[in-house]
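> just coords:
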């Protein structure tokens, strides 16, 4: 099949490459001419702008937009909606809020254009491992694009089969799903990231407890100088917490058990926040996912106004003085 | 009545003064001779050491230990236990863990000595307002000491009476209770402080949201430059959150709405921690009390090992770089 | 002054009554003819519909809408916007999301109508105690309505003055503030309610720990049968947690220490949820406010899908069986 | 080598079997004669009581106690300490609190007996996969027992090697570590379980949000009927949250996506609680680990006293009625 790809960062470039390896054709565009040339040298058809990209595709066209969420994606989709024709499909592979997907799909439908949202996890490893994809789309549009998704997905691989799954391998077992109507793909991916935050924070807190067991604030006889790298390593082997995140932790700790090169200031992306918004909207108690997000917020601040207020109150009722040095 | 008082800091000194104002006699001792002289000039009988203090008291004696929890209190009680005689009472007015109370009471009982634990809130204001006391004691010992407690307590005052309370005012309405057997006083006080942490953190988070509504990270049109001092003030007047903690907050904000003199590093005392231990022991979900304690722990750190681990994982799966500048 | 009031529930009715006591005139309307008659017998001018209400007011008119947030308020404001004339003011005294205020104010401005948002706490007690009000409005509109607000507010009363406040009493000290532009009133009220949730949950968790100290799951010698009513009562008198919420708790416990008439299923209103949304939007760590909201969500469910999943995992790795009886 | 094993449940039995497969000899005892016979038929030497077990072992002896933590383990160790001789070793492979390990080791040292604590994860799968072990011991004692641990451990297997690890495989890469002095093994295992709770709860909350996206409480157009089994399956393939816990979740969902056979009441074991105690002792913020534990506490209750108190307060300030039906 043929696919147009807009945005040739690490993700978009690898999508193009993996599709070409699988026998598909890609027409590619990026603001950076250099990025386009790099892909062209790998076999992609270069486009000099969006109009050129559209012109090189056969109808019904499919264009995968792989850009930062927000304005870059929105603007590109708006421009494409002027260039494309009835029956064509725009695929948003970025980290878009599912509510934006639904809004866009409605607007595009008025022009008889289709919209597909693809949530992707593990993206930067996708060229080798394949892309784990959660896809929101109308059913017939999904079916039409299936060959592309099948090529991009990791495939069955050598992962032990889930108990109770039998017969031909389902799409899920190949590493991609048609999650539901437009918006579903990004909704599922959003919750995936919410869970990811929670798992990461669980490891972070646990290792913090292990690490600080050697704190000078503890009595000497209660201190333990534990080996962080070996603990991560041993847990990779048969323990209940074995996971890809633990593998990555073991990688990091093997060479730098103090993690000294990191500042401790941790970013968050939209998905973690939107997961909490969804939990609140749905009245789902999500204390772990929320605490994980808040820990990141807190990591980026030296001192909060709220903390100062605690000191002010303590001074008020107890005369405790916690002033600036 | 007559009371021996060991430890003449702000709390111990004011206990002595309030008792003397109420017609009781106090024999006082402190490591600081100056502190003893100050009380003596207010009418207390000075003691030059614990033995002297015990010698000046009539049997059955009562000695109130008002020292920092831990070694200072423990050592003093041990020494007193050698000096006192059957039927005498040791009162611990400090912030002792209730389990230590129970242990001590058992040990003292072997010498026919009695032990009373008094948890006190609002202590530094106690000379004027009276001391709000939660008391753990054997019933007859409590009754014997009642005149002292009644004098120390705030009394009925002009606080509107609770619905459904009628007739003579109970001890609780005078501001002190016999909470139960030894340990009860400090247990109730411990939970009081746990609640206090939660209420404080609720205000801290709320005011943080109000304050940061003017953050430069928000789009200009979403920003609000709210007046923290006026908000605290208006809430004092008929709102659901009106409270003494809010009064203290209003005090602090009136003169320094930026709270600029506080560092944001907030201490915690044993009670907040022990409350969580009790919740865990009793299998009570206490997410708010725990989060309040953790916020204080976090306020005292620049960056945690756990946060650095989050960055390390993010680098591992996404190539995100969050290194030290 | 003259004020139109739409919605004569407990809040709207009492606003009308308190204004009339203060010498103002009110023209009132409610879907319930009975409610209108009740107010009319107290001196209000009855209106038979919105048009009639508008007709009875002199220009520039002010109409206070005191209806449930959402459709009832929205529809009424839309209808009023057709009936009112340039310079008139619509006041929303309900629990509206501040973003809706901003949206409405923009739309009404096109018709030269003004919009004011009033957040009110302690409403059902307002007739006696006055209404604690946080107000968002253009400055000149706020000034025009000031006499009404001044009458509705609690006034200075006998609350001890905040340290550092001197001279003439400010509006905040009378119990109302001009919080800022449109939306500010409801924003501040929203955060107030978020804090309220946190304080309530702090008490709830603390009393849970006190109550379950008598649990049969604890060894007999660790159990304490504490008196909930007396504990609430004693804390009202000089303790750090003294507050109106504690007063209400003491009221409830005095007559029913088991709280047996309550099911334990607790509702939440929009404000608690929106506070978390704001915290997330502003990147403010708000673990206590979020945990308080989640506790209410959880209180309304028998068992969550998530809890069942925990059991399923435990069965998977450990053979633990936690099936339905 | 030769090992005595006391306690032949699933764990103890499999330890014996895996050791015998590896060429070691085991002398086994259990209260259940049937359990002893089952092992004997697999090649173990049966003992009729602890004295007999000790008698059949050559000095210096090693006895592995694999019993429930608490009294069963404590009593057995006490008895063994009477039967064993200088230089012998007692190994506790159960879920003991590390503080108890330290206490016991001190007591046994007076008799020149050694003590080793082994924390094991993934135990019920250990016969096939091997046992992931964290071990606290004196160094020479650990070295003496190393052949046993090496046999029990999973071994290097086909798990991709951690970046930065080179040369001969370390013990950690074989799936066991000498974590440090006595107590270290159970301390590390305890934190492992704390992390496990957090990861499980992260999945539980995420799937709850996915599942309830189809709630009737949402407007029809916002609902999504997502396929839980397929989502778990697809995430196993290249996503950031891939993990053994996810594999187990996929197993459970494949046959029962409603998880209808589980009640939603979830147990907790000591380790999750002790992890929070350690965090509190070390002043480590651990909001996720604590929230995970509290969620389990909450899952076992119909309604809390605290929730009823929230309703009582709501009634007090707002007249909201949330009474029992």
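Yes, it's here. Computed from a predicted structure; not experimentally measured.

> tally of neighbours for the residue in the stretch 1-150 of chain A that chain B sits nearest to?
When scored by CB to the nearest CB, the stretch 1-150 of chain A has residue A:124 as its residue closest to chain B, at 5.2 Å. C-betas here are computed from N, CA, C, even on glycine. Residue A:124 is flanked by 16 other residues according to other CB atoms under 10 Å in any protein chain shown.

> do a quick rundown of the helices in the stretch 1-150 of chain A.
Using DSSP state H, counting those that start in this stretch, the helices of the stretch 1-150 of chain A run over A:10-21, A:33-41, A:50-56, A:71-83, A:98-109, A:126-129, A:139-152.

> isn't residue A:36 up against residue A:52?
No - contact criterion CB atoms under 8 Å: residue A:36 and residue A:52 do not qualify, at 10.5 Å.

> any shared contact partners between the two?
By CB atoms under 8 Å, 6 or more residues apart in numbering or on different chains, residue A:36 and residue A:52 have these common neighbours: residue A:29.

> ok so, going back, the residue of the stretch 1-150 of chain A closest to chain B contacts residue B:317, correct?
Yes - counting by CB under 8 Å, residue A:124 sits close enough to residue B:317 to count as a contact (7.3 Å).

> I'd like the average pLDDT over the top helix by length along chain A.
Scanning chain A for the helix with the most residues, using DSSP state H, yields helix A:184-211. The pLDDT scores in helix A:184-211 average 98.

> could you point out the longest strand in chain A?
strand A:114-121 (DSSP state E).

> which other helices and strands contact the helix or strand of chain A with the lowest mean pLDDT?
Across the helices and strands of chain A, mean pLDDT, DSSP states H and E gives its lowest value to helix A:126-129, namely a mean of 85. Under the contact definition 3 or more CB pairs under 8 Å, 6 or more residues apart in numbering or on different chains; DSSP states H and E, helix A:126-129 sits against helix A:10-21.

> quick one: name the residues of chain A near chain C.
Within chain A, the positions adjacent to chain C are A:240, A:268, A:273, A:276-277, A:280-281, A:283-287, A:290-291, A:293-295, A:297-298, A:300, A:304, A:306, A:317 by CB under 8 Å from any CB of the partner chain.

> what's around residue A:256, how many residues?
16.

> one step back: now the longest helix of chain A: buried residues?
The neighbour-count check on helix A:184-211 (16 or more other CB atoms under 10 Å in any protein chain shown) flags A:184-211 as buried.

> can you give me the angle it makes with strand A:114-121?
Helix A:184-211 runs at 10 degrees relative to strand A:114-121, counting by axes from the mean of the first three to the mean of the last three CA atoms, to 10 degrees.

> report the central residue of chain A.
Centroid-nearest residue in chain A: residue A:121, 4.9 Å away (criterion: CA atoms, centre = their mean).

> ok now do that residue, which residues does it touch?
By CB under 8 Å, 6+ apart, the neighbours of residue A:121 are A:132, A:134, A:189, A:192, A:193, D:235, D:238, D:239, D:240, D:241.

> what's the farthest-apart pair in the residues you listed?
For the contacts of residue A:121, the farthest-apart pair by CB to CB is A:193 and D:238; their separation is 14.5 Å.

> centre of the chain to stretch A:170-189, how far?
Relative to its chain's centre, stretch A:170-189 lies at 14 Å (CA atoms, centre = their mean, to the nearest Å).

> nope, stretch A:30-48 is what I meant
Computed by CA atoms, centre = their mean, the separation of stretch A:30-48 from the middle of its chain amounts to 25 Å.

> repeat that for stretch A:295-312.
Remark: stretch A:295-312 is offset 28 Å from the chain centroid, using CA atoms, centre = their mean.

> repeat that for stretch A:130-138.
Worked out by CA atoms, centre = their mean, stretch A:130-138 lies 12 Å from the chain centre.

> hmm, that stretch touching chain B?
No - Stretch A:130-138 stays clear of chain B (CB under 8 Å from any CB), getting no nearer than 11.6 Å.

> pipe the helices of the stretch 1-150 of chain A into TSV and attach mean neighbour count per row.
Shown next, in TSV, are these (neighbours: other CB atoms under 10 Å in any protein chain shown):
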stretch	mean neighbour count
helix A:10-21	21
helix A:33-41	15
helix A:50-56	17
helix A:71-83	16
helix A:98-109	18
helix A:126-129	17
helix A:139-152	18
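
> and the ones you listed, which one averages the lowest pLDDT?
Comparing mean pLDDT across the helices of the stretch 1-150 of chain A, the weakest is helix A:126-129, with a mean of 85.

> dump the residue contacts of residue A:201.
A:288, A:291, A:292, A:295, B:306, B:310, D:198, D:287, D:288.

> which of those fall within helices?
A:288, A:291, A:292, A:295, B:306, B:310, D:198, D:287, D:288.

> closest one to residue C:91 out of the residues you listed, please.
residue A:291 (39.0 Å).

> just give the nearest non-adjacent residue to that closest one, would you?
residue D:287 (3.9 Å; CB to CB, 6 or more residues apart in numbering or on different chains).

> number of residues surrounding the one you found?
For residue D:287, the neighbour count with other CB under 10 Å is 30.

> so it touches residue C:288, yeah?
No - between residue D:287 and residue C:288 there is no contact under CB under 8 Å: 10.2 Å.

> shared neighbours of these two, anything?
Joint contacts of residue D:287 and residue C:288 (CB under 8 Å, 6+ apart) are residue B:291.
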